[in-house]
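# Need a 3D model of the following:
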Amino acid sequence: MDCAFSFYSHRETPSIENKTLTLRSCVGLTPFKRVMKMRFLGRTCLIVLSLLPAVSTQDAWRVVGSDQPVIAEPGDDVILPCHISPRLSAVDMEVRWFRDAFENPVHLYNFQENLLETQDRAYQDRTALSPPALERGDISLRLRNLRPSDRGIYTCYAHDGSQYEEGQTEVIVAALGTQPSISMDSTQGEQTRLVCRSEGSKTPKPDWESKLHISSDFFPGVSGWMVAFLLTLALSIGAIPLLVIQWRRMDPWRESLSLWVSKALNEEMLKTHSRFLQQYLKLPHP
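Presented below is the predicted three-dimensional model:
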């Protein structure tokens, strides 16, 4: 393409200093427009790309499990908490609860229905999702008739076709043992050692009270004759000092009695001798 240029000298055009190159006509304006168009498209692409993170951030969601374990006893019904954040409907999503194997789900919900044919047999007829809760993004699992084998980590999985997220919840099954029994192990002086036993559970932790009633069955029984013997012995020991004191008080009386007996015996002997002499004197002598 050709362009025509004109040159003017200082003398011919006083208003223009020195020689000036003037673009009179040029057919080559098309490349210029093309460059400007490319610049416009480039700026538009930059603007669109800068807005993409904001759009993807608005559409992103995540699955939130429970940071606290679910603790219950065998036979209880429990809820395994899990929800989508921010809150959005999970009715059209795939919701899967599983433990160790993804392909062996505890509960599977997809195509707006519960697919029970793929469920782990150990959980048949024991799990359920709440349809009203799914509409608000609550994908918590209800587990009925808890078993000791149900303890462990459960993974909650949600997939909307383009994005999937997971959360976890732990289940702890409290062990139940036999009724605790208390027995007396040994007795040392005034101290008695009590032993608490329970089978099928962890070490029992009894709640000790300041006042504890212990049945008499824990202590050895005492027979009736032993009680009578001990009572008689106690009374006898208590009566000995009284007998000693009374005996000492009777000492003067015993002395008087002895003197009276001696005097009486002497008088009787004198009378006997006197009668004997009189009888002897009355007898004839040769």
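# domain ranges for this protein?
3-58, 62-173, 178-205 (automatic domain parsing).
# lowest-confidence stretch among those domains?
Mean pLDDT across the domains of the chain is lowest at domain 3-58; the value there is a mean of 51.
# all helices for this structure, in order.
30-59, 131-135, 224-249, 251-282 (DSSP state H).
# what's the single longest strand in the chain?
Ordering each strand of the chain by length in residues (DSSP state E) puts strand 164-173 first.
# what's that strand in contact with?
61-66, 69-74, 78, 80-82, 84, 143, 146-148, 150-158 (C-beta atoms under 8 Å, 6 or more residues apart in numbering). Heads up, the C-betas are built off the backbone N, CA and C, glycines and all.
# Apply 6 Å and report the result again.
Taking contacts as C-beta atoms under 6 Å, 6 or more residues apart in numbering, the residues outside strand 164-173 that touch it are 62-66, 69-71, 80, 82, 148, 150-151, 153-158.
# do the same with stretch 117-130
So stretch 117-130 is in contact with Asn104, Val106, His107, Leu108, Tyr109, Leu141, Arg142, Leu143, Arg144, Asn145, going by C-beta under 6 Å, 6+ apart.
# One more pass at 7 Å, please.
95, 104-109, 138-139, 141-145, 149 (C-beta atoms under 7 Å, 6 or more residues apart in numbering).
# buried residues in that stretch?
Gln119, Asp120, Tyr123, Arg126, Thr127, Leu129 (16 or more other C-beta atoms under 10 Å).
# Stretch 155-172 now?
Buried-residue list, stretch 155-172, by 16+ other C-beta under 10 Å: Thr155, Cys156, Tyr157, Ala158, His159, Asp160, Glu165, Glu166, Gly167, Thr169, Glu170, Val171.
# before we move on, what about stretch 142-154?
Leu143, Leu146, Asp150, Arg151, Tyr154.
# For the second one, which non-adjacent residue is spatially closest?
So that's Leu146. Excluding its sequence neighbours, the residue lying closest to Leu146 (C-beta to C-beta, 6 or more residues apart in numbering) is Asp76, at 4.9 Å.
# quick one: the one you found from Trp61, how far?
31 Å (C-beta to C-beta, to the nearest Å).
# These two: which is more packed in?
Trp61 (17 against 14; other C-beta atoms under 10 Å).
# can you tell me which residues contact the more buried one?
Ile84, Ser85, Pro86, Leu88, Glu165.
# who wins for neighbours among these?
Ile84 (24 neighbours).
# partners of that one in the sheet?
For Ile84, the beta-bridge partners under DSSP bridges are Val63.
# Distance of it relative to Ala128?
The value you get for Ile84 to Ala128, if C-beta to C-beta is used, is 18 Å.
# before we move on, what about Phe102?
20 Å.
# Which two among the buried residues of stretch 142-154 are spaced furthest apart?
Farthest apart among the buried residues of stretch 142-154 by C-beta to C-beta are Leu146 and Tyr154. That separation is 12.4 Å.
# you'd agree Thr178 is up against Ser198?
Yes. Look at Thr178 against Ser198 with C-beta atoms under 7 Å: they come within range, at 5.6 Å.
# higher neighbour count, these two?
Ser198 (15 against 11).
# Where do the strands of the stretch 51-200 of the chain begin and end?
62-64, 70-72, 78-80, 83-85, 94-98, 107-110, 113-114, 127-128, 141-143, 152-159, 164-173, 181-188, 191-197 (DSSP state E, counting those that start in this stretch).
# Note down every partner strand of the longest one and its orientation.
I take that to be strand 164-173. Strand 164-173 is paired, per DSSP bridges, with strand 70-72 (parallel), strand 152-159 (antiparallel).
# The ones you listed: which one's closest to Ala239?
strand 70-72 (68.6 Å).
# in the closest one, what counts as buried?
Val70, Ala72.
# residues in contact with it?
Residues contacting strand 70-72 (C-beta under 7 Å, 6+ apart): Val78, Leu80, Leu146, Thr169, Glu170, Val171, Ile172, Val173, Ala174.
# can you put those residues in TSV and add distance to Thr44?
As requested, those are exported to TSV (distance: C-beta to C-beta, whole Å):
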residue	distance to Thr44
Val78	55
Leu80	49
Leu146	59
Thr169	47
Glu170	51
Val171	54
Ile172	57
Val173	60
Ala174	63
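# start to end distance for stretch 79-93?
20 Å (C-alpha to C-alpha, to the nearest Å).
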